[in-house]
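Novice: predicted model, plus sequence, below.
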Amino acid sequence: ELILAIETSCDETSAAVVRSGKEICSNIVSSQIDVHERFGGVVPEIASRKHVETITRIIEAAIAQSGYTANDLSAIAVTEGPGLVGALLVGNVAAKGLALALNIPLIATHHIAGHIYASRLEHEMRFPALALVVSGGHTELVLLPKEGVFQIIGRTRDDAVGEAYDKVARALKLPYPGGPHIDRLAHEAAAEIELPRAWLEQDSYDFSFSGLKSAVLAVINQHRMKGLELDEAALAKGFQQSVIDVLVTKALRAAKQYGVEQLILCGGVAANRGLRQALALACEKDKLQLIVPSPKLCTDNAAMIGAAAYIKFKHGQFAGLDMKADPGLSLEKWSIETLA
Ligand code: ATP
Ligand code: MG
Ligand code: FE
């Protein structure tokens, strides 16, 4: 069963052909980073226009590279949300057109389910599983009691981790997106500037990163006002250590409480070397199986959408051609069944 998947929720235009939800036949990703870089972040109107310019070429390339033809496809999957509404719309229109022309089903797919199911493209998934989702717009602990069922047990109350990374990087005048640059600085650091950790209530699985971000900005301002030289690497390390400490501690506590078979680390920030290492170490100590997609499958791509869409395909849960892009789509409601 071959699914052609399309992803245009933010600033990556991507199309992929995925077989049976786990085998990548092709996965083409066209990033707009160079266009948005000089604005220091994604400009929604420009993102939509760029998607329009590239989508057809990307889809054609994905089909050509897969070694199959359009007539071999079983379904078309597309990110329904969450994301930028104008950007999502471009992928949605393209997907509907293809589904109609080829007379095959359309699968409305959740972007975060995609980040989680990216795991299946390289690993065997076992349930119950816990996913630590860390991306540009989301920071969540998601429990999957079984295949295709999602329960959010913790989420950020303010900034997403990736957002905090990008804001701190911007304050340090590093290029956008800042995550990889902070990661590199933290690794080069000879010292560490200690920063606070936001644990919140004792039994809470929620997160907060805006206080940490403010603490970083305060350190930068103090140095500037006093005319002191700032050890930027030490600050980056302090920031990264605070983030990692809270994420790892809460994820392992939740994994233990819910007795899961696997912990899945996913989303763009899962490309972070420090986080991968710290979580791997903690899981080894707790004898918990950890799954982390390779970095190129952690950031936005259409293959992960094809992997998630396959669950809906197997259950015959298809979308109508009247489907609408939904920038605030709920992950729990996207589950294949509701838990009693
Ligand atoms: P969402 O998935 O929540 O809609 P998004 O799709 O924009 O958001 P992703 O593409 O999953 O986000 O991830 C992008 C984020 O990952 C950016 O904030 C970027 O800085 C961050 N990131 C990428 N690599 C690293 C890294 N090595 N360390 C830390 N952060 C990183
Ligand atoms: Mg992106
Ligand atoms: Fe994403």
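Specialist: Alright, I've got the coordinates. Ligands and ions are numbered 1, 2, ... in the order given.
Novice: the stretch 101-250 of the chain: strands as residue ranges?
Specialist: Under the criterion DSSP state E, counting those that start in this stretch, strands of the stretch 101-250 of the chain are mapped to 106-110, 129-134, 139-144, 151-155.
Novice: show me what counts as buried in the host helix or strand of E284.
Specialist: Using DSSP states H and E, E284 sits within helix 273-286. Residues of helix 273-286 classed as buried by neighbour count (16 or more other CB atoms under 10 Å): 274-276, 278-279, 282-283. Any C-beta I mention is one placed from the backbone N, CA and C, and that applies to glycine too.
Novice: out of the residues you listed, the closest to E229 would be?
Specialist: Using CB to CB, G274 is the member of the buried residues of helix 273-286 that lies nearest E229, at 24.3 Å.
Novice: is the residue of the stretch 201-340 of the chain found nearest ligand 3 in a helix, a strand, or coil?
Specialist: Evaluated by CB to the ion, the stretch 201-340 of the chain has D300 as its residue closest to ligand 3, separated by 4.4 Å. Per DSSP: H, G, I helix; E, B strand; the rest coil, the secondary structure class of D300 is coil.
Novice: hang on, isn't it packed against A16?
Specialist: No. D300 is not in contact with A16 according to CB atoms under 8 Å; the separation is 11.3 Å.
Novice: name the residues contacting each of these two.
Specialist: Residues touching both D300 and A16 comprise E7, with contact defined as CB atoms under 8 Å, 6 or more residues apart in numbering.
Novice: now the one helix or strand in the chain whose mean pLDDT sits lowest: how far from the chain's centre is it?
Specialist: Taking all helices and strands of the chain together, the one with the lowest average confidence (mean pLDDT, DSSP states H and E) is helix 33-37, at a mean of 82. When distances are taken as CA atoms, centre = their mean, to the nearest Å, helix 33-37 is centred 19 Å away from the chain's centroid.
Novice: dump the strands of the stretch 101-250 of the chain to JSON lines, plus mean neighbour count and mean pLDDT.
Specialist: Conversion of the strands of the stretch 101-250 of the chain to JSON lines gives the following (neighbours: other CB atoms under 10 Å; pLDDT from 0 to 100):
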{"stretch": "strand 106-110", "mean neighbour count": "26", "mean pLDDT": "98"}
{"stretch": "strand 129-134", "mean neighbour count": "27", "mean pLDDT": "98"}
{"stretch": "strand 139-144", "mean neighbour count": "25", "mean pLDDT": "98"}
{"stretch": "strand 151-155", "mean neighbour count": "17", "mean pLDDT": "98"}
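Novice: nearest to ligand 2, out of those?
Specialist: Counting by CB to the ion, ligand 2 lies closest to strand 129-134 out of the strands of the stretch 101-250 of the chain; the figure is 13.4 Å.
Novice: what's the nearest residue to the one residue in the stretch 1-150 of the chain that gets nearest to ligand 3 if we skip its chain neighbours?
Specialist: Ligand 3 sits closest to S135 of the stretch 1-150 of the chain, with a gap of 4.6 Å, by CB to the ion. Nearest residue to S135 in three dimensions, chain neighbours excluded: G267, at 3.3 Å (CB to CB, 6 or more residues apart in numbering).
Novice: and the one you found, what is it in contact with?
Specialist: G267 neighbours (CB under 8 Å, 6+ apart): 112, 115, 133-136, 138, 162, 298.
Novice: which of the buried residues of helix 273-286 sits closest to Y68?
Specialist: Checking the buried residues of helix 273-286 against Y68 with CB to CB, the nearest one is R276 at 33.6 Å.
Novice: do I have it right that the closest one meets L265?
Specialist: Yes. Using CB under 8 Å, R276 and L265 qualify as a contacting pair, with a distance of 6.9 Å.
Novice: who touches both of these two?
Specialist: Both R276 and L265 are contacted by V292, under the criterion CB under 8 Å, 6+ apart.
Novice: which residues of the stretch 201-340 of the chain lie near ligand 1?
Specialist: 267-269, 271-272, 299-300 (CB under 6 Å from any ligand atom).
Novice: which one of the residues you listed is nearest F239?
Specialist: Minimum separation from F239 among these (CB to CB) is found for N272, which lies at 11.6 Å.
Novice: if I look at K173, how far off is ligand 3?
Specialist: From K173 over to ligand 3 the distance is 25 Å, taken as CB to the ion, to the nearest Å.
Novice: how many other residues sit next to that residue?
Specialist: By the criterion of other CB atoms under 10 Å, K173 has 9 neighbours.
Novice: report the contact partners of it.
Specialist: K173 makes contact with no residue, according to CB under 8 Å, 6+ apart.
Novice: what about the closest residue to ligand 1 within the stretch 51-200 of the chain, how many residues nearby?
Specialist: When CB to the nearest ligand atom is the measure, the stretch 51-200 of the chain has its nearest residue to ligand 1 at G179, with 2.2 Å between them. The tally of other residues near G179 (other CB under 10 Å) stands at 25.
Novice: same thing with the one 5 residues further on?
Specialist: Here the number of neighbours of R184 (other CB under 10 Å) works out to 14.
Novice: residues in contact with it?
Specialist: Shown here is R184, which makes no contacts under the criterion CB under 8 Å, 6+ apart.
Novice: the same query, at a cut-off of 10 Å, please.
Specialist: If you count contacts by CB atoms under 10 Å, 6 or more residues apart in numbering, R184 has them with 174, 233, 236, 273.
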